[in-house]
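Student: structure for this input, please:
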Amino acid sequence: MDQDLDPEVGVVKLATGLVVALLAVAGCASDDRPREGTVAAKPQRASLVPPATPVIEPLPTFPQYEPGPEEPFPNAKRVAGQAVQQLLTYERGATPADVAGRVGLSPSATQQLTESVAPAVPPKTASVAEVIYPQMAGTTETTYGAMVVVRQILQDAAGRRSAVTRTVDIRLRRTTGPWSVEQIASIGGSPTKRPADLSASARRVLDSSRITFTDSARWDIYRGAVDTRLLDALARAAERHRFSVAVLSSGHPRNVWQTDRRSAHSSGYAADLYAVDGRLVVRQPKAGTPAYELAKSFAASGVRQLGSPWDFDGPGRASFTDVVHRDHLHLQQAAASP
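Tutor: Residues are numbered from 1 along each chain as shown. The predicted structure follows:
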C-alpha cells in the first residue's frame with residue numbers, strides 16, 4: 001500500500017541526507033591531512049644521482065725532436081730541441097720552480113730560469129710541447145746557441161685547451177765531450193693583448209695569411225718594438241712568397257753571439273725567417289729554390305744586412321753567408337743601436 005510522504009518530513013530527511021553527503025566529501029578531501037593523534041608520513045624523496053664527472057681528454061704526446069740529416073750541428077740541435085721540449089712538458093700543478101729544477105742547471109741559472117719561465121707555467125695547468133724548429137743563434141768551438149720555435153699546448157683544470165708558439169733562447173756548452181745545456185736565457189716573452197691602435201704596417205703583416213709569426217714575434221709587434229721599415233719589407237716579401245718568422249726580438253740573444261755588440265734584433269730592426277713556401281731554408285741550399293729567390297730579392301732591395309746560405313754581393317757588403325746562416329734568412333733594415 002502506497003503511503004503519502006509528509007512534505008515537511010521529506011524536507012528534513014533531504015536536508016539530513018545533504019549534510020551527511022557533504023561531510024563525507026569533506027572527509028575524503030581531508031584524507032591527506034594528519035588526523036588528531038596521528039603523525040604525518042614524510043614524503044618520499046627521489047634518490048639523488050651524483051652528477052657525472054666531466055671526462056678530460058688527455059693531452060697529445062709528441063716524439064722527441066730529431067734533426068734532419070741536412071742540419072749543421074745535428075747533435076747540438078738535438079740537445080737544444082729536446083731540452084726545450086722537456087722544459088715545457090709538465091703535469092698540472094707544476095710550479096715554475098718545479099719546471100726549472102728539472103733542467104739540471106747551476107743554482108744561479110736555475111733561479112734565473114724560474115723567474116723567466118713563469119709566463120709559460122700558468123697555475124693549475126698542464127702542458128705538452130712540440131718542437132717546430134731549432135734555428136741557430138751562433139756557435140764557437142765550445143759554445144752553441146739555438147732559438148727553438150716550440151708550440152706549447154696548455155690545458156686548464158676544466159679541460160679547456162689553448163696553444164702558444166714561443167721562441168726559446170737556449171745556450172749549450174762543451175769541452176771535449178757532448179753538448180750540455182748551460183742556460184735558457186729567454187722563454188720568448190710574456191703574452192700581450194693586441195692593441196686597437198696598431199699602425200697600418202703592423203696590421204698589414206699581422207693579418208697576412210702568407211706570414212707565419214711565432215706568438216713571441218707577435219707580442220713584439222703588439223708592443224710597438226719592431227721598426228716600421230722592417231714590417232714593410234716583410235709585407236712586400238709576402239706578396240711573392242709565404243714564409244715563417246722564427247724571431248724578431250723576444251727569444252733572440254741580446255748581443256751578437258759571443259761579442260759585446262748589440263744585435264739588431266734587440267732594437268727591433270731584424271727578422272729571421274726559417275721556412276719559405278712551406279719548406280725549411282736548410283732544405284733549399286740550391287740556387288733557384290724559393291728561399292734563394294726570396295733572399296736574392298732582399299739583397300736587390302737595398303737591405304742594411306742579409307745573412308743567408310748565399311753571398312750575393314761579395315765580401316764586406318750587405319749580403320753574407322756563414323755556417324750559422326745556413327738554416328735561415330736574416331733580414332735587417334736599419335742600423336742596430338749601440
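Student: C-alpha from now on. contacts and neighbour counts both.
Tutor: OK.
Student: point out where the stretch 51-200 of the chain drops to low pLDDT.
Tutor: For the stretch 51-200 of the chain, the stretches with pLDDT under 70 are 52-53.
Student: at 50 instead, please
Tutor: Counting by pLDDT under 50, the stretch 51-200 of the chain shows no low-confidence range.
Student: now the strands for it?
Tutor: Counting by DSSP state E, counting those that start in this stretch, the stretch 51-200 of the chain has strands at residues 126-139, 143-155, 161-173, 180-186.
Student: just say which of those strands is most tucked in.
Tutor: strand 143-155 (a mean of 25; mean count of other Cα atoms under 10 Å).
Student: direction included, what does it pair against?
Tutor: strand 126-139 (antiparallel), strand 161-173 (antiparallel) (DSSP bridges).
Student: what about the helices in the stretch 1-150 of the chain?
Tutor: Applying DSSP state H, counting those that start in this stretch to the stretch 1-150 of the chain gives helices spanning 7-29, 74-87, 96-101, 107-116.
Student: just the CA trace of the second one, in CSV.
Tutor: So that's helix 74-87. Taking Å, rounded to 0.1, in the frame of the first residue of the first chain, the C-alpha atoms of helix 74-87 are listed here in CSV:
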residue,chain,number,x,y,z
PRO,A,74,122.8,17.9,-35.6
ASN,A,75,123.9,16.8,-32.1
ALA,A,76,123.6,20.3,-30.7
LYS,A,77,120.2,20.8,-32.3
ARG,A,78,119.0,17.6,-30.8
VAL,A,79,120.1,18.6,-27.3
ALA,A,80,118.6,22.1,-27.6
GLY,A,81,115.3,20.9,-29.1
GLN,A,82,114.8,18.1,-26.6
ALA,A,83,115.7,20.2,-23.6
VAL,A,84,113.1,22.9,-24.5
GLN,A,85,110.5,20.2,-25.2
GLN,A,86,111.2,18.6,-21.8
LEU,A,87,111.1,22.1,-20.1
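Student: what's the angle between it and strand 180-186?
Tutor: Taking axes from the mean of the first three to the mean of the last three Cα atoms, to 10 degrees, one finds helix 74-87 and strand 180-186 inclined to each other by 60 degrees.
Student: can you tell me what sits against helix 74-87?
Tutor: 64-68, 99-100, 102-103, 128-131, 133-134, 144, 146, 148, 150, 168, 170-172, 179-181 (Cα atoms under 8 Å, 6 or more residues apart in numbering).
Student: with the last one instead?
Tutor: With contact meaning Cα under 8 Å, 6+ apart, helix 107-116 is reached by 96-97, 99-101, 103-104, 182-187.
Student: in these, find the pair that's most separated.
Tutor: 96 and 182 (18.1 Å; Cα to Cα).
Student: closest to residue 248 out of the strands of the stretch 51-200 of the chain?
Tutor: Residue 248 sits nearest to strand 161-173 of all the strands of the stretch 51-200 of the chain, at 9.6 Å, using Cα to Cα.
Student: and the contacts of that closest one?
Tutor: Applying Cα under 8 Å, 6+ apart, the set of residues contacting strand 161-173 is 76, 80, 84, 142-155, 179-189, 214-216, 246-247, 250-253.
Student: likewise for stretch 210-221?
Tutor: Contacts of stretch 210-221 (Cα under 8 Å, 6+ apart): 149, 164-167, 188-194, 202, 205-206, 226, 238, 241-251.
Student: how about the contacts made by residue 126?
Tutor: Per Cα under 8 Å, 6+ apart, neighbours of residue 126: 89, 90, 91, 92, 93, 94, 154, 155, 156.
Student: which of those residues are buried, as a PyMOL select command?
Tutor: Restricted to buried positions by 16 or more other Cα atoms under 10 Å, the PyMOL selection for these reads:
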select buried, resi 89+90+92+94+154+155+156
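Student: and the contacts of residue 126, which is closest to residue 231?
Tutor: residue 154 (29.9 Å).
Student: where's the closest one relative to residue 161, distance?
Tutor: Distance of residue 154 to residue 161, computed by Cα to Cα, to the nearest Å: 5 Å.
Student: if we can go back for a sec, in CSV: the strands of the stretch 51-200 of the chain, plus distance to residue 262.
Tutor: Shown next, in CSV, are the strands of the stretch 51-200 of the chain (distance: least, Cα to Cα, whole Å):
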stretch, distance to residue 262
strand 126-139, 14
strand 143-155, 16
strand 161-173, 16
strand 180-186, 16
